[in-house]
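**Q** Got a sequence here, can you build the structure:
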Amino acid sequence: MSQDSALVKRGLVLLALISTLVIVLLIILLQRPTVSAPAAKGRPELLVAAVVAPSANFPASVSWINLVQAAEALPSPAGWEIRYNAARTLALRGSDQVPWDVFLEMLDENRQMCNYRVELQDGKVVPDETAARQNMLIAVRAIAQWHKKHDKQEVSTDLARVYAAVDGLAGSPILEIKAQAEKTRATFFR
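**A** Residues are numbered from 1 along each chain as shown. Below you'll find the model as predicted:
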């Protein structure tokens, strides 16, 4: 009987250890993770402080030139990735509802450098040139596809502005952008 009681004692000790392990795991799994505020980054939004001069009255206190420069340094409004994807899809399908103003934004290299940013290991935020230029290439290719699906037609003022933007990209020092812009220009209704 002593063997049976020793076996029972070992079983109880093992049961206690497993129960303790299960309780610890449940506590860990059921704890709600705390969400911390994102770390402040060196962003162009901080340029807004340079816009208002505290010594004068509004509207004289606003430095309108600094305000325009701050707006140019900020990324596009929220949802720009979705708008870009929707505009590209409409162009690839040959839709008559293509928002050409979105394509103007997609072809603006400075705007894309503001939109596509990456944080380096030292915490510095810099433009992601590869992603920005890739987005520009995608836009130029989508414009070419749209033209291939349409017969020659009258060029609207918005489309004429897109033509001017692509013409500007044809002079780009980036060879891939320059080559794609030249191919796209060959599809234009001129």
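**Q** Domain-wise, how is the protein divided?
**A** 40-74, 77-185 (automatic domain parsing).
**Q** pLDDT on the last one, on average?
**A** In this model, domain 77-185 carries a mean pLDDT of 91.
**Q** Just the strands from this structure, written as ranges.
**A** Counting by DSSP state E, the chain has these strands, from start to end: 117-119, 125-127.
**Q** Surely residue 182 and residue 169 touch.
**A** No: with contact taken as Cβ atoms under 8 Å, residue 182 and residue 169 are classed as non-touching, separated by 9.1 Å. (Glycine included, C-beta is placed from N, CA and C.)
**Q** These two: which has the busier surroundings?
**A** Counted by other Cβ atoms under 10 Å, residue 182 and residue 169 do not tie: residue 169 has more neighbours, with 22 against 13.
**Q** residues touching the residue lying closest to the more buried one once chain neighbours are set aside, list them.
**A** Spatial nearest neighbour of residue 169, chain neighbours left out: residue 181 (4.0 Å); criterion: Cβ to Cβ, 6 or more residues apart in numbering. Taking Cβ atoms under 8 Å, 6 or more residues apart in numbering as the criterion, residue 181 is in contact with 140, 166-167, 169-170, 172.
**Q** Report the buried members of these.
**A** Among the contacts of residue 181, those buried by neighbour count (16 or more other Cβ atoms under 10 Å) are 140, 166, 169-170, 172.
**Q** Inside helices: which ones of the residues you listed?
**A** Among the buried ones among the contacts of residue 181, the members falling in helices are 140, 166, 169 (criterion: DSSP state H).
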